[in-house]
Each structure stands twice: as structure tokens, then as C-alpha cells.
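Engineer: turn this into a model:
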Amino acid sequence: MTATAGRLAKTLLGSYFVVMVLLLYLPLVVLVIFSFNDNNSPVLPLKGFTTHWYHDALANTLLVDSLKRSVVLAACNGVLATLLAVMAALALSAPRLFGRGAVIALIMLPLVVPYVVLGIGMLILLHEAGFNTSLKALLVMHVLISIPYGVLVILPRLNTLDPSIGEAARDLGAGAVTSFYRVTLPLIAPAIMSAFLIAFTISFDEVAIANFLVPPGANTFPTYLYNNARTPYLRPQTVAIAGLIIAASLLIVVMGEVGRRAAERKLEGQT
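Structural biologist: Residues are numbered from 1 along each chain as shown. This next block holds a predicted model:
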């Protein structure tokens, strides 16, 4: 009975994995295929192979500017949110912290508040304070919603570290800053990189808050797609630029995996 249940569980798990992979990656494959389709509408059958949608997309200054704007915004969000997440995780990992539960609840609150509510609230706050919508306000909100994810990634890594490592560094004459820079930081570097990538991704594809805070004429890439996805002559261009983003994402993943394996081989060689 146990062996039968184990085989059944293995079959169900394998089936779930196959379905998950298909649902996640099949739409991406279809998107890339249609980006080369010589047709204004992404419908079957395919009319022919063409690359002019990519030329049109790269020649569309509004589309390219919105993409650049989103990349810069996401990079800034990644840096700021990760720095704040590291500081918050260090504070939460302290042995004694007054009001730890309340602090954790406040940090994690953006995870349970709908982004639409956050966007409307920030918009009302800006108007009541006499400010206009701006990308700076959008960056503030993106940092706010990204910090909890960074803390959830970095804090468990900090909790797995042996406290005696930092104590040994201080016993050898290192100060608190030097001990963190020379000992703790290298050990939590993978978690920090993961937190940065998560924050970058959250900011790059966030549209609910951006719809309320993006000023006129300064669309981010998600808001540009949302506002122009129903425009027939722009639809092939958006599909093409999405294909480029998929290719860039795959390149980053491959480079990250190559770097990780190279670091592991170097570490094994030193050992």
C-alpha cells in the first residue's frame, strides 16, 4: 500500500510539473512565434516569416522610451529596496528587538493590501499635499511593495548563519562594519542578489499602481502596453518587443547559471 501510494504521488507530482511548465512557458513560445508572423493580428494560420515588426518596434520612440524608463525605474527600485531590506533583515535578526511582531507586521503589510488600493491612496495623498503625480512617487511605492519580498529572502539566510562567526571576527579585532563587510555580506550575497532580481521584476512589470501615479507623457513599459494593447497597428510591435524581453531574460538566466557554476568550481578548487 505504501509503495502504491508512493507511485501515485510520484505520478501526480510529475503530471503537475508538466502542466505547470506548459502553462508557464507555452504562452511565451507562442508569443515569440507570432512576433515573426507576417500578419497584423496574432491569429492562425501563420502568413509568413518576417522581422519587420522588430524594426517597427525599435523605431517607435514612445515604446522604446517607455521601456528605457521602466528599466531605469526597476534598477533604482532594486538597489533601494534591497538596501532597505538588508537593513530591516539585520534588525529583525537581532536577538533582542522590542516590538518585533509589530515591526514584522508593518513591513509585511504591503503583501496583503491590494496594489489598486495603494495606488489610489498614494494618489489622494499627493493631491492633498499639493504634489503632482511623478515617477519619483511611483518609485517610492515600488520600493514599499518590494521590501517585504527582500526581507523574506534575506532574513532566513541571516538566521541560518552561526553567530559565532561574527563574534570570532570581532575577537580578532574587526569592528561591526568590517565584520559585516568581510564575513556576513559574502555569506548572504546570493540572497541579496535574489532580493534585487525580485525587486527589479516587481517594478518592471507593475501596472496597477503605475496607472495612478505615472504622469502624462511618461508611460512606463507596462502602462504603455496596457493603454495600447487594443490598438491594432501597435499590437504586432508590442508582441515583438515582448519577444526581445524574453530573449534578454533567458540570456540573464543563462549567464547567472554559468556564473554560479563557475563560482562553485572555484570554491571546490580552493577546498
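Engineer: what's the closest non-adjacent residue to the spatially most central residue of the chain?
Structural biologist: The centroid of the chain falls nearest to Thr201 when counting by C-alpha atoms, centre = their mean (2.2 Å). Among residues not flanking Thr201 along the chain, Ala74 sits closest, at 7.5 Å (C-beta to C-beta, 6 or more residues apart in numbering). For every residue, glycine as well, the C-beta is placed using N, CA and C.
Engineer: the one you found: helix or strand, and which one exactly?
Structural biologist: helix 61-92 (DSSP states H and E).
Engineer: tell me the helices and strands packed up against that helix.
Structural biologist: helix 52-59, helix 100-108, helix 135-160, helix 185-205, helix 221-228, helix 235-270 (3 or more C-beta pairs under 8 Å, 6 or more residues apart in numbering; DSSP states H and E).
Engineer: Throw those helices into JSON lines and include mean pLDDT and distance to Ala94, thanks.
Structural biologist: Shown next, in JSON lines, are these (pLDDT from 0 to 100; distance: least, C-beta to C-beta, whole Å):
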{"stretch": "helix 52-59", "mean pLDDT": "80", "distance to Ala94": "50"}
{"stretch": "helix 100-108", "mean pLDDT": "84", "distance to Ala94": "9"}
{"stretch": "helix 135-160", "mean pLDDT": "90", "distance to Ala94": "10"}
{"stretch": "helix 185-205", "mean pLDDT": "85", "distance to Ala94": "15"}
{"stretch": "helix 221-228", "mean pLDDT": "83", "distance to Ala94": "38"}
{"stretch": "helix 235-270", "mean pLDDT": "73", "distance to Ala94": "29"}
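Engineer: Leu187: neighbouring residues, count only.
Structural biologist: Leu187 has 15 neighbours, counted by other C-beta atoms under 10 Å.
Engineer: that should have said His127, apologies.
Structural biologist: 11.
Engineer: per-residue confidence for it?
Structural biologist: Per-residue confidence at His127 stands at 86 (pLDDT).
Engineer: Leu123 now?
Structural biologist: pLDDT, Leu123: 87.
Engineer: now do the contacts for it.
Structural biologist: Contact analysis of Leu123 by C-beta atoms under 8 Å, 6 or more residues apart in numbering lists 133, 212-213.
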